[in-house]
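Chemist: following is a predicted model, sequence given first.
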Amino acid sequence: MSTYLAKRLVYMVIILFAASLLIFCLYALTPGDFISGNIKLTPERKAELREIYGLNKPVLERYAVWMKNAFHGDLGFSLSQQKPVLTLFNQYIWNSFLLAVVSTFFTWLIAVIIGVIAAYKQYSWFDTLVMVAIFAAMSLPSFFIGLFLIKILAVDWKWLPPGGMLTTGSNATGLAYVKEVVHHMTLPVIVMTLLGVGSLTRYFRSNMIDVIKQDYIRTARAKGMKERKVLFTHALRNALLPAITLVGFELPALFGGSLIIEQIFNWPGIGQLYMQSFSLRDYPLLMGFTMLIAVLTVIGTLISDILYRVADPRVRL
Amino acid sequence: MKKTVALFSTIVLASSLLLSACSKGNDSNSSSGPAASASGSASAGTDPAGQSGLTETIQASNLSKLPATAKNRNDTIIVGLTDPSGAFIPYFTQSGYDGNVNSLLFTTLVTVDDKGVPAPGLAESWEVSSDNLTYTYHLHKDLKFSDGSPLTADDVAFTWTILHDKAYDGDSQISTLNIKGGKAYKEGKAASIEGIKVIDPQTISATLEKPNATALVMLGAEVLSKAYYGKDYKFGQLDYIKKLGTAPVGNGPYKLEKFIPGQEVRFVANENFFKGAPKTPHFIYKTSQGDTWQFLETGEMDFASFSATQENIDKLKGLGFVNILPYTPSTYGYLQVNLEHEALKDKRVRQALTYGLDRQSIYVDANQGAGAVANIPSSPISWSYTEEGINPYKFDTEKAKQLLDEAGWKEGSGGIREKDGKKLSIHYLGSKSKNTDIFIAIAKENYKELGVEFQPEVFADFNALVSKVEGGDYDLVSFSTPLLTDPSDGLLQFVDGEIKGYDNPKFKELYDKGLATSDIEERKKIYQEIYQLLNDELPVIFTSYKKTVYAYNGRIQDLSVSPFNGIAPSLPNWSLK
């Protein structure tokens, strides 16, 4: 186990190095830079500014400078936002995280429950109905369902706020603040859950169907165990095993933000910030964020490998 | 479903509008005295139903429909702003949205009225020497910053000086005015700038090396506190100043109360504002990435901007509780022509491409009236605007064909014109938008008719488009100018090398002449001549003006929007009925 871990860690460092170089070059070689989009500047001034920002240097030299600073924990200073990149992460990422963690929780919870029941009652009217509903939810574009719910629930019925994270101008603190945030995040969480629950339910349903047909389930039933116990302790545990792979992918998604959802619901998350910084070619912010996601992805896969070992004694690392 | 899709497209439109409306720089001004209140008395009934859309404000028809959220708000006004970043220092701000915030936190020495004519701000008067080189500003007495400290000529001198620092990376053009000794300072050869003189605490002057009529307004911009922003200043070191962006000390109508990233910028009235504290004690810029309809409809926002399409106007009228104010931003749209390509060097070809393009259909009709055709490099709201002696290039395929014939382009195989064995082909670049789609659809038809091959290429990313243009791989490309204040702003691109291949000594002479005097009547004549010249030569093909509408809560009184400075000038007077 420990040699395995050591090997994995070395690989991780190599992967991250290669990824950072690749990402840096990709961004640097995309046509246009931070200066070229500013139509107010004269060609002379543009050259001056490129000199100040070091944008006229060779790509590899810029990469070396970036890497050196990154090792010192300095991800640089956002050109467009005029703040250190880490400060910006701190200001925006947690908002995205909050939305993602709550909707992921509900997505998994609902997917597991529906998946198990649908598998148990395979081809029943419940199963068919659920599958139809799930396919419908999966095939809706997120902006459409988002705007539709805003129109119905916020504009027409006025049950929920149309967007944002706080009531504009609100000075709420403590419990009142929490209540306000919950109120505002309801709509985006509904939409995110609705969009995510489909594929996951299908996944659990098919896993569950496979497991239910196994011999040990028949044995458990033959022992006279309660059906509920058979399903949720014996069958589900094994049906969930392949889902551990998914956990690894969820980790970067928790921090990555969701561009469309954040845009529609005016949520102050990192996804929007990232998209803007791309169209502005705000290299420090782009680079910092992409590397963060790369690190999380690598860590996420490591965690899921270790979880396999914990959950399934048959797996040898 | 159809309605929602329409809603989405209007959101996209509105967001692009907000963007354009907010792209003003930190070197433009926030003024403090509205010249005219736009809250006129036209009712919905008098609105001309024609294509041209609105001309006067439509008053709210039924204020009782106002949502409770807006009804209960009595000391706060909320306006949407796409994305302020939280770095609030004039001249150093990188995003135009921060510029909008700055225009409330800071006020300027000189402002411009609704025609673009200079008007007093923090400076009660000014003089320009007879050689047009020295600008002297007389400040009001007892001016104060928002922290109560006095504002004097020293602060002005400090502001002008740091903009000449070699580390300065903002987009103020002050260092290009050539203040005497400015270059020496930038190169580190002088400890101060020779041309900037503090005469007494209320008087300051700047001497230029070459006359420049834009200097009055450009120098007369925001004033930074030397005591606050200059405390740690060392030549060549400006990084410290960026750390002060979150805690500005200003002199505008409002002070920063709180900035919540991605959500709100909260302001509170500045009791030290030189015109007295504004009428509404609180103001909020709410971050809204485009989706303003829902916030206006639910009363979470008091003011929003939309493209002036008939559809939007009808929908806003349907709300009943908003006043609708028509507005033409001070910009113009154009097709940049690649003058380095042989075919396009010929003036007749450029004229033919203009005659042969149905601009009325593209920019006005297909846009439901949210635009107008442009023929000169100036917005119709500017004092320099004229239609005298200007060729409107009315859509005329026959005339275009005749010009191409004269230029030697004869119809060849497949109906495409040829000259010396080369086909007349136009490679067009545009940013991805609904308007570009319209343009391509119509232009393709129009140019086919002329015997010109039209090859469009659409970019989703503006930077990529710009770098393709810089590489010279294009014939025509759609652009729009940033917000223009002085008439010379709209002409700068023809002299500074932005538009490669245009080199007309007569134009350069006129351009310099236009900047050499501050007399507006005299300048008007010069600019008329310039416009006639460019209208004939067409170094770019002028296309369109945008038209927008502002919709705002009917309770707000005394609201107006300056074409050059946005809402900042009239905001201190806004009150809730």
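Modeler: Looks like it came in fine.
Chemist: give me the number of residues near A:W94?
Modeler: 14 (other CB atoms under 10 Å in any protein chain shown). For every residue, glycine as well, the C-beta is placed using N, CA and C.
Chemist: check the gap between B:K524 and B:L534 for me.
Modeler: Here the criterion is CB to CB, to the nearest Å. By it, B:K524 lies 16 Å from B:L534.
Chemist: which one's more surrounded, those two?
Modeler: The residue with more neighbours, out of B:K524 and B:L534, is B:L534; 24 against 16, by other CB under 10 Å.
Chemist: what's the nearest residue to B:D461 if we skip its chain neighbours?
Modeler: A:S279 (6.1 Å; CB to CB, 6 or more residues apart in numbering or on different chains).
Chemist: wait, a helix at that neighbour?
Modeler: Yes. Assignment of A:S279 by DSSP: H, G, I helix; E, B strand; the rest coil places it within a helix.
Chemist: what's near enough to touch it?
Modeler: Contacts for A:S279 (CB atoms under 8 Å, 6 or more residues apart in numbering or on different chains) come out as A:G37, B:D461, B:F462, B:N463.
Chemist: among those, who's most crowded?
Modeler: Highest neighbour count within the contacts of A:S279, by other CB under 10 Å: B:N463, with 21 neighbours.
Chemist: tell me which element that one is part of?
Modeler: Using DSSP states H and E, B:N463 sits in helix B:462-470.
Chemist: which helix or strand lies directly C-terminal to that helix?
Modeler: Counting by DSSP H and E, the next helix or strand C-terminal to helix B:462-470 is strand B:476-480.
Chemist: which residues does that following strand contact?
Modeler: By CB under 8 Å, 6+ apart, strand B:476-480 touches A:39, B:20, B:331-338, B:353, B:426-431, B:436, B:439, B:465, B:469, B:541, B:543, B:546.
Chemist: do the same with stretch A:79-96
Modeler: With contact meaning CB under 8 Å, 6+ apart, stretch A:79-96 is reached by A:34, A:53, A:74-78, A:165, A:255-258, A:262, A:267-271, A:273, A:276-277, A:280, A:282-285, A:288-289, A:292, B:85-87, B:92-95, B:242, B:245, B:261-262.
Chemist: so which of the contacts of A:S279 comes closest to A:I110?
Modeler: B:D461 (37.6 Å; CB to CB).
Chemist: other SSEs contacting whichever helix in chain A runs longest?
Modeler: As assigned by DSSP state H, the longest helix anywhere in chain A is helix A:174-212. The helices and strands touching helix A:174-212, judged by 3 or more CB pairs under 8 Å, 6 or more residues apart in numbering or on different chains; DSSP states H and E, are helix A:85-120, helix A:125-139, helix A:142-149, helix A:236-240, helix A:259-264.
Chemist: how distant is that helix from the center of its chain?
Modeler: Relative to the centre of its chain, helix A:174-212 is centred 13 Å away, using CA atoms, centre = their mean, to the nearest Å.
Chemist: downstream of that helix, the next helix or strand is which one?
Modeler: helix A:215-222.
Chemist: how about that next one: buried residues?
Modeler: Neighbour-count burial for helix A:215-222, counted by 16 or more other CB atoms under 10 Å in any protein chain shown, picks out A:I217, A:A220.
Chemist: avg pLDDT for that helix?
Modeler: Averaging pLDDT along helix A:215-222 gives 90.
Chemist: that one to helix A:174-212, inter-axis angle?
Modeler: Here helix A:215-222 runs at 100 degrees with respect to helix A:174-212, directions being taken by axes from the mean of the first three to the mean of the last three CA atoms, to 10 degrees.
Chemist: circling back to that earlier point, figure out which of the helices and strands packed on helix A:174-212 is closest to A:A311.
Modeler: Nearest to A:A311 among the helices and strands packed on helix A:174-212 is helix A:236-240; the distance by CB to CB comes to 8.0 Å.
Chemist: which residues sit against the helix or strand that that closest one is followed by?
Modeler: Later in the chain than helix A:236-240, the nearest helix or strand by DSSP H and E is helix A:244-256. The set of residues external to helix A:244-256 that reach it, using CB under 8 Å, 6+ apart, is A:93, A:96-97, A:100-101, A:104, A:200, A:203, A:270-271, A:292-293, A:296-297, A:299-305, A:307-308, A:311.
Chemist: buried ones among these?
Modeler: Using 16+ other CB under 10 Å as the burial test, these include A:93, A:96-97, A:100, A:104, A:200, A:203, A:270-271, A:292-293, A:296-297, A:300-302, A:304-305, A:307-308 as buried.
Chemist: give the buried subset of the contacts of stretch A:79-96 as a PyMOL selection command.
Modeler: In PyMOL syntax, the buried subset of those is picked out as below (16+ other CB under 10 Å):
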select buried, (chain A and resi 34+53+75+76+77+78+165+255+256+257+258+262+267+268+269+270+271+273+276+277+280+282+283+284+285+288+289+292) or (chain B and resi 85+86+87+92+93+94+95+242+245+261+262)
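Chemist: mean confidence score for stretch A:147-157?
Modeler: So the average pLDDT for stretch A:147-157 ends up being 90.
Chemist: gap between that stretch and the chain center?
Modeler: That offset, for stretch A:147-157, works out to 26 Å (CA atoms, centre = their mean).
Chemist: what comes up buried for that stretch?
Modeler: Those would be A:L147, A:F148, A:L149, A:I150, A:K151, A:L153, A:A154, A:V155, for stretch A:147-157 by 16+ other CB under 10 Å.
Chemist: run a quick neighbour tally on the residue nearest to the last one when sequence neighbours are not counted.
Modeler: Going back to what we said before, that points to A:V155. The shortest distance from A:V155 to any non-neighbouring residue, by CB to CB, 6+ apart, is to B:E297 (5.1 Å). Residues within reach of B:E297, counting by other CB under 10 Å, total 22.
Chemist: returning to what we had before: what angle do the longest helix of chain A and helix A:125-139 make?
Modeler: 120 degrees.
Chemist: name the SS class of B:L256, please.
Modeler: Three-state assignment for B:L256 (three-state DSSP): strand.
Chemist: surely it touches B:E264?
Modeler: No. Counting by CB atoms under 8 Å, B:L256 does not reach B:E264; the two are 11.2 Å apart.
Chemist: so the residue nearest to A:V155 makes contact with B:L319?
Modeler: Yes. Between B:E297 and B:L319 there is a contact under CB under 8 Å: 6.6 Å.
Chemist: what touches both of the two?
Modeler: Common contacts of B:E297 and B:L319 (CB under 8 Å, 6+ apart): none found.
Chemist: spatially central, which residue of the chain would that be?
Modeler: Just so you know, I chose chain A. With distances taken as CA atoms, centre = their mean, A:A253 lies nearest the centre of chain A, 1.6 Å away.
Chemist: try again with chain B
Modeler: In chain B, the centroid-proximal residue (CA atoms, centre = their mean) is B:L483; its distance is 1.3 Å.
Chemist: how far away is it from B:S172?
Modeler: Separation of B:L483 from B:S172 (CB to CB) stands at 15 Å.
Chemist: A:F126 too?
Modeler: 67 Å.
Chemist: give me the more crowded residue out of these two.
Modeler: Using other CB under 10 Å as the criterion, A:F126 and B:S172 rank with B:S172 on top: 22 against 14.
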